[in-house]
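# Everything below, folded, please.
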Amino acid sequence: MHWLILPQGVIGVQLVVTMVMASIIQKIIPHYSLARWLLCSGSLRWYQHPTEEELRILAGKQQKGKGKKDRKYNGHIENKPLTIPKDIDLHLKTKSVTEIDTLALHYFPEYQWLVDFTVAATVVYLVTEAYYSWMKPLQEMNISIIWCLLVLAFAIVEDAGERSLCVTFGFFFFVKAMAILIVTENYLEFGLESGFSNFSESAVQLFEKQGLESRGPVSKIAFKLFLAVFCSLIGAFLTFPGLRLAQMHLDALSLAPEKITQTLLHINFLSPLLMVLLWVKPITKDYIMNPPLGKENVPLMSEATFDTLRLWIIILLCALRLAMMRSHLQAYLNLAQKCVDQMKKEVGRISTVELQKMVARVFYYLCVIALQYVAPLVMLLHMTLLLKTLGNYSWGIYPDSASDSLVENSPLSNSVKSEPSSDDGKMQLTVLELTMALGSLKNIFTPLLFRGLLSFLTWWIAACLFSTSLFGLFYHQYLTMA
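Here you go, the predicted structure:
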């Protein structure tokens, strides 16, 4: 079986890594889950709802038997619900989140799957990057791309909210995306125009080789229209995460006594804005790559170095957001006591059942909030990883100039050197045909196209998240108080 050793035909090491990681997901991760550890490590405390007996004692009422106020309908006795004053002196008890407590949480399986699968996909990506760095395979498909795409798909599916508000923001982001796509690249350096031109020219050349006449697979207007529709969907999905992040940010600030924690919270909130500014051409070209010193501009770094530095900055900001996750989740859990304190300022009475639901509801929806916090982080991280891989960037701060160019290798070279048997020859021919087909697609979907497209999508996710969180900050800070 000579075809097994042909590097261009078989995924090889990558397939083994994928199979091992699939086994780990099935056997090990359910017992050693990062998602569960983030919630159950002991640092998060949730507020328990008071029992009816505790509320009776606080209200000064004794347990009664069958009273005159009990009503009888069709032979059934209907007890009047117990009510207590709203200004009752109630202080909720807290308890650390445990694994048993997570069984009652809504959307915990979805949250656990997203986080743990993201960890697995990231590990596969790191191993694949190390393999490509050492072995430098030329004709293999990078299977980590599929893992990253699956993570993005799961993040979008799990991230949802109220439909009416999402549709409203979806229309807003559609108009915003169309306006951004009209802006020339003198202000935003995505490389989208050059990438699309390269894509169209490569497609036309391929059609001409096949004896077909074409002006291109799609017009520039249609391409930007499809992209704007896709961007509006992303903006709609990020509406509720941004609004929720704003409220948790304000609550976390009020709970953080240390200056360093407050500073990290501010940086975490502004991190999407920092990502957005990394593609603003006047800032990157005039103040980072060529900062002015006196009357002259001194070149500080090359464009390739800045591209790599930009990737690292986004990844570090994603790591910061993950590190601040518990502070935000604890701020959300404190809403239970906050609601009780707000209730004490009101007059009237409230039923014990309604009070218990008000307190318990906060904890039961903890994983919904965790999903809304994690999903944008996952999208940003793996969109950046895709940008590095498909855009043919380097992780080195001073990358080799050779990394920016594609190395072409004839897929027929090994077939010429060997003379396999008939069965092996058929298998090699099938492999070579598949390799040539993938090579043709690779000539159309070039790194130049992916650099422009994925740079824009990474920038767009950060822009949407910051826009919605800024609106949420304004809403919770001013409109609710008014």
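# I'd like the distance between A59 and L454.
60 Å (C-beta to C-beta, to the nearest Å). In short, each C-beta sits where N, CA and C put it, glycine included.
# Which residue of these two possesses the greater neighbour count?
Neighbour tally, A59 and L454, criterion other C-beta atoms under 10 Å: the higher count belongs to L454, 23 against 16.
# any idea what that one is structurally, helix, strand or coil?
helix (DSSP: H, G, I helix; E, B strand; the rest coil).
# what's near enough to touch it?
L454 makes contact with 383, 386-387, 390-391, according to C-beta atoms under 8 Å, 6 or more residues apart in numbering.
# one more time with 6 Å
For L454, the contact set (C-beta atoms under 6 Å, 6 or more residues apart in numbering) comprises 386-387.
# What's the separation between the residue nearest to S200 when sequence neighbours are not counted and L192?
Nearest residue to S200, sequence neighbours excluded (C-beta to C-beta, 6 or more residues apart in numbering): G216, at 4.0 Å. According to C-beta to C-beta, G216 and L192 sit 15 Å apart.
# When these two are compared, which one has more neighbours?
The neighbour count for G216 versus L192, taken as other C-beta under 10 Å, is higher for L192 (21 against 16).
# Distance of the more buried one relative to L457?
Computed as C-beta to C-beta, the L192 to L457 distance reads 10 Å.
# Kindly report the same for W312.
19 Å.
# neighbour-wise, which of the two wins?
L457 (20 against 13).
# Could you list the alpha-carbon positions for stretch 352-372 in CSV?
Presented in CSV, the C-alpha positions along stretch 352-372 are these (Å, rounded to 0.1, in the frame of the first residue of the first chain):
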residue,chain,number,x,y,z
THR,A,352,-44.4,34.1,49.2
VAL,A,353,-44.4,32.0,46.0
GLU,A,354,-43.8,35.1,43.9
LEU,A,355,-40.9,36.2,46.1
GLN,A,356,-39.3,32.7,45.9
LYS,A,357,-39.6,32.7,42.1
MET,A,358,-38.1,36.2,41.9
VAL,A,359,-35.0,35.0,43.9
ALA,A,360,-34.7,31.6,42.3
ARG,A,361,-35.0,32.8,38.7
VAL,A,362,-31.7,34.6,38.9
PHE,A,363,-29.7,31.4,39.7
TYR,A,364,-31.7,29.2,37.3
TYR,A,365,-30.7,31.4,34.3
LEU,A,366,-27.0,31.6,35.2
CYS,A,367,-26.0,29.4,32.2
VAL,A,368,-28.0,31.6,29.8
ILE,A,369,-25.9,34.6,31.0
ALA,A,370,-22.7,32.5,30.8
LEU,A,371,-23.6,31.6,27.2
GLN,A,372,-24.2,35.2,26.3
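# Residues contacting that stretch, please?
46, 49, 52, 55, 82, 105-108, 111, 158, 240-241, 244, 332, 335-336, 339.
# In strands, which of those residues fall?
Among those, DSSP state E puts W46 in strands.
# What subset of the contacts of stretch 352-372 is buried?
Neighbour counting over the contacts of stretch 352-372 (16 or more other C-beta atoms under 10 Å) leaves 46, 49, 55, 82, 105, 107-108, 111, 158, 240-241, 244, 332, 335-336, 339 as the buried ones.
# if we take the residues you listed, which one ends up nearest to T94?
Closest approach to T94 among the buried ones among the contacts of stretch 352-372 (C-beta to C-beta): W46, at 6.8 Å.
# Tell me what that closest one is bridged to.
Following DSSP bridges, W46 is listed with bridge partners K95.
# could you measure it against M248, distance?
Relative to M248, and taking C-beta to C-beta, W46 is found at 15 Å.
# what residues are up against E346?
Counting by C-beta under 6 Å, 6+ apart, E346 touches K86.
# How about the secondary structure of it?
Counting by three-state DSSP, the backbone at E346 sits in coil.
# quick one on the thing from earlier: could you tell me which of the contacts of stretch 352-372 belong to helices?
Counting by DSSP state H, the contacts of stretch 352-372 place 52, 55, 108, 111, 158, 240-241, 244, 332, 335-336, 339 in helices.
# Pick out whichever of these sits closest to S302.
Within those, proximity to S302 (C-beta to C-beta) peaks at P241, which comes in at 35.7 Å.
# That closest one reaches V378, doesn't it?
No: with contact defined as C-beta atoms under 6 Å, P241 does not count as touching V378 (10.9 Å).
# what sits in contact with each of the two?
Jointly contacting P241 and V378 under the rule C-beta under 6 Å, 6+ apart is no residue at all.
# got the residue ranges for the helices in the stretch 201-350 of the chain?
For the stretch 201-350 of the chain, the helices defined by DSSP state H, counting those that start in this stretch cover 220-237, 239-255, 259-277, 281-283, 303-323, 325-333, 335-344.
# Serialize the ones you listed to JSON lines and add fields for mean pLDDT.
Converted to JSON lines, the helices of the stretch 201-350 of the chain look like this (pLDDT from 0 to 100):
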{"stretch": "helix 220-237", "mean pLDDT": "91"}
{"stretch": "helix 239-255", "mean pLDDT": "92"}
{"stretch": "helix 259-277", "mean pLDDT": "95"}
{"stretch": "helix 281-283", "mean pLDDT": "85"}
{"stretch": "helix 303-323", "mean pLDDT": "94"}
{"stretch": "helix 325-333", "mean pLDDT": "95"}
{"stretch": "helix 335-344", "mean pLDDT": "90"}
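# Compare those and report which one is nearest to A130.
Across these, A130 has its closest neighbour in helix 303-323 (16.2 Å, C-beta to C-beta).
# relative orientation of that closest one and helix 239-255 in degrees?
Relative orientation of helix 303-323 and helix 239-255, computed by axes from the mean of the first three to the mean of the last three C-alpha atoms, to 10 degrees: 70 degrees.
# what about the strands in this structure?
So, for the chain - with DSSP E - the strands run 45-48, 71-73, 76-78, 83-85, 93-96, 292-293, 296-297, 349-351.
# what's the closest residue to T98 other than its chain neighbours in contact with, if anything?
Excluding the flanking residues, the one nearest T98 by C-beta to C-beta, 6+ apart is C40, at 5.8 Å. Listed by C-beta under 6 Å, 6+ apart, the contact partners of C40 are 97-99.
# nearest to I350, of these?
The closest of these, once distances to I350 are taken by C-beta to C-beta, is V97, at 26.6 Å.
# which non-adjacent residue is nearest the closest one?
L44 is the one closest to V97 (C-beta to C-beta, 6+ apart), at 4.6 Å.
# what's the one you found sitting at in phi/psi?
Dihedral pair for L44: phi -90, psi 130, per degrees, to the nearest 10.
# need the contact list for it.
Contacts for L44 (C-beta under 6 Å, 6+ apart) come out as 97, 329-330.
# What is the nearest of the residues you listed to F230?
Of these, the one sitting nearest to F230 (C-beta to C-beta) turns out to be L329, at 30.4 Å.
# now the ones in helices among the contacts of stretch 352-372 as TSV including distance to C367?
Output for these, formatted as TSV (distance: C-beta to C-beta, whole Å):
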residue	distance to C367
E52	27
L55	28
F108	5
Y111	4
E158	10
F240	14
P241	14
R244	13
Y332	11
L335	15
A336	16
C339	19
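# List just the nearest of those residues to L293.
For the ones in helices among the contacts of stretch 352-372, the nearest to L293 is P241 (41.3 Å; C-beta to C-beta).
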